[in-house]
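Asker: let me see the structure of the following:
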Amino acid sequence: MDEMRPSSGAHLGLASLFPPGLQAIYGECRRIYHDQPNPLQVTAIVKYWLGGPDPLDYISMYRNVGCPALDVQEHWHYVSLGLSDLYGDNRVHEFTGQEGPSGFGFELTFRLKREAGETAPPTWPAELMQGLARYVFQSENTFCSGDHISWHSPLDNSESRIQHMLLTEDPQMQPVQTPFGIVNFLQIVGVCTEELQAAQQWNGQGILDLLRGVHVAGGPWLITDMRRGETIFDIDPHLQQERVDKGIETDGSNLSGVSAKCAWDDLSRPPEDEDDSRSICIGSQPRRLSDKDTEQIREALRKGLEINSKSVLPPINSQRHNQDRPLSRKDSLESESSAAIVPHELVRTRQLESVHLKFNQESGTLLPLCLRGRLLHGRHFTYKSINGDTAITFVSTGVEGAFATEEHPYAAHGPWLQILLTEEFVEQMLGDLQDLNVHEESKLPKEYSWPDKKLKISVLPDTVFDSPLQ
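Answerer: Numbering: from 1, shown residues only. Next up is the predicted model:
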């Protein structure tokens with residue numbers, strides 16, 4: 001990437017020189033920054049559609065004077081260009097019509113506190129935005145307001161405590177109708193580890209609301225301050241108990257799944273059984289998920305964090321829920337257009353007698369969240385392996401369409417395992433897994449076993465999951 005100043009042609013009436021999608025976003029930026037027609041830009045030297053590594057063609061950088069009346073401080077405002085369709089000629093995004101999303105349907109923004117004496121915006125946020133864009137292009141997973149992003153590193157590669165991100169609607173930029181569809185603007189908000197964990201345990205929107213109420217943590221426009229040394233819970237210790245804990249108890253968690261280091265063993269059969277599906281075990285060659293299962297799990301991870309809609313494991317090729325349609329009180333694994341999941345014709349669903357689940361420490365610490373924040377609220381939670389096609393979905397008795405049942409609570413469809421847990425068993429597991437609520441590093445491995453339920457869980461070091469065959 002390199003810095004540049006764009007041509008002022010758009011401002012001087014030469015709009016025809018700019019692609020229509022690009023011009024539409026420039027227009028929205030000029031509405032806010034009419035005094036900055038030529039902002040600094042970071043541009044991809046070799047465009048993505050010419051084989052370059054950076055999906056965003058440009059990142060514009062504006063100086064925002066803030067709004068003292070609203071307690072908004074001065075800051076730098078970054079706007080991406082490239083996640084939406086800028087050109088309309090299929091060089092990057094397939095054109096699907098004006099009524100739908102343009103490209104992925106959104107662009108990213110970021111607001112960074114302007115430090116005293118700064119005369120130009122730092123450029124590291126541009127690389128951060130490129131990294132997020134690469135994830136979107138490679139995974140084809142889109143972002144939604146309320147989503148959280150586990151980054152596990154200071155966003156600016158410093159020693160900062162701001163090491164993760166939440167996403168929300170940009171407070172100034174309005175959705176834009178372009179000739180190639182609609183573009184929304186999602187703002188990146190830098191957060192500390194404790195704030196990310198609270199968003200995982202409860203929901204992203206709830207934590208964003210708390211951040212808006214604390215000036216040094218973001219304020220009304222959620223401005224990221226990389227020098228912030230205190231979490232919102234350090235600043236106001238009552239927030240954890242009075243807002244987050246009560247929110248989890250009342251609302252449950254909006255997080256329906258994570259990418260994780262995980263594996264499972266079928267202990268029902270001896271390992272020498274050739275028909276055994278212990279191919280999911282550590283050190284063995286994993287089977288492939290069917291395309292239908294892959295898409296369904298991907299949709300669960302992508303859509304599980306959507307706000308204002310019931311958290312569901314969506315059907316194949318499903319559309320987003322119509323917000324005007326009343327939602328069922330029960331969570332569902334079913335398709336709106338079909339009775340249930342139709343297994344791949346070459347992969348039969350098997351009922352298992354006994355299973356062994358394996359997680360790394362980071363994934364294991366989410367088990368209490370899975371149980372308390374999801375299953376006790378009639379929902380489901382999925383771990384999707386980052387090392388292969390393995391997937392583990394926990395479901396409650398209130399989830400419809402699952403292939404695990406109360407009669408056969410452990411069921412596998414290829415490398416996808418479903419585990420149905422009754423409320424009574426969930427409460428028992430929460431008591432036994434209490435030490436996983438502690439986020440500090442602890443001695444591994446940890447073993448948990450429920451012989452009467454024929455279930456075993458191990459929390460193992462990361463190195464166990466690093467086998468290339470996993």
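
Asker: pLDDT weak spots in the stretch 201-350 of the chain?
Answerer: Residues of the stretch 201-350 of the chain meeting the criterion pLDDT under 70: 270-347.

Asker: let's see it at 80
Answerer: 269-347 (pLDDT under 80).

Asker: now the helix ranked longest in the chain: buried residues?
Answerer: Determined from DSSP state H, the single longest helix within the chain is helix 124-139. Neighbour counts over helix 124-139 (16 or more other Cβ atoms under 10 Å) mark P125, A126, L128, M129, Q130, L132, A133, V136, F137 as buried. (Each C-beta comes from the backbone N, C-alpha and C, glycine too.)

Asker: same check on stretch 196-210?
Answerer: By 16+ other Cβ under 10 Å, the buried positions in stretch 196-210 come out as 196-208, 210.

Asker: OK, contacts around P55?
Answerer: Contacts for P55 (Cβ atoms under 8 Å, 6 or more residues apart in numbering) come out as A44, Y48, G82, L83, V92, Q130, A133, R134, V136, F137.

Asker: including pLDDT, could the residues you listed go into CSV?
Answerer: Shown next, in CSV, are those (pLDDT from 0 to 100):
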residue, pLDDT
A44, 94
Y48, 94
G82, 98
L83, 98
V92, 96
Q130, 98
A133, 97
R134, 96
V136, 96
F137, 96
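
Asker: between those, which sits nearest A402?
Answerer: Closest approach between the contacts of P55 and A402, by Cβ to Cβ: V136, at 29.3 Å.

Asker: do I have it right that that closest one meets L83?
Answerer: Yes - between V136 and L83 there is a contact at 6.3 Å, judged by Cβ atoms under 8 Å.

Asker: show me how far the host helix or strand of R111 is from its chain's centre.
Answerer: Under DSSP states H and E, the secondary-structure element containing R111 is strand 101-113. In terms of Cα atoms, centre = their mean, to the nearest Å, the centre of strand 101-113 is found 15 Å from the chain centre.

Asker: using PDB, write out every CA atom in that strand.
Answerer: C-alpha atoms of strand 101-113 as PDB (Å, rounded to 0.1, in the frame of the first residue of the first chain):
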ATOM      1  CA  PRO A 101     -26.400  -5.300  -1.300                       C
ATOM      2  CA  SER A 102     -23.600  -3.800  -3.300                       C
ATOM      3  CA  GLY A 103     -20.700  -6.400  -3.200                       C
ATOM      4  CA  PHE A 104     -20.600  -7.500   0.400                       C
ATOM      5  CA  GLY A 105     -23.100  -4.800   1.300                       C
ATOM      6  CA  PHE A 106     -20.900  -2.700   3.600                       C
ATOM      7  CA  GLU A 107     -17.700  -0.700   4.000                       C
ATOM      8  CA  LEU A 108     -15.600  -0.400   7.100                       C
ATOM      9  CA  THR A 109     -14.900   2.800   9.100                       C
ATOM     10  CA  PHE A 110     -12.700   3.500  12.100                       C
ATOM     11  CA  ARG A 111     -12.500   6.500  14.500                       C
ATOM     12  CA  LEU A 112      -9.100   7.000  16.200                       C
ATOM     13  CA  LYS A 113      -8.500   9.600  18.900                       C
END
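
Asker: the nearest residue to S363 once chain neighbours are set aside: what's it in contact with?
Answerer: What sits nearest to S363 in space, not counting adjacent residues and going by Cβ to Cβ, 6 or more residues apart in numbering, is A260, at 3.9 Å. The neighbours of A260, taking Cβ under 8 Å, 6+ apart as the test, are F359, N360, E362, S363, L366, Y383, K384, S385, I386.

Asker: closest one of those to L56?
Answerer: Taking Cβ to Cβ as the measure, I386 is the one of the contacts of A260 closest to L56, at 24.3 Å.

Asker: what two of the buried residues of stretch 196-210 are the furthest from one another?
Answerer: Greatest spacing in those, by Cβ to Cβ: Q197 and Q205 (15.7 Å).
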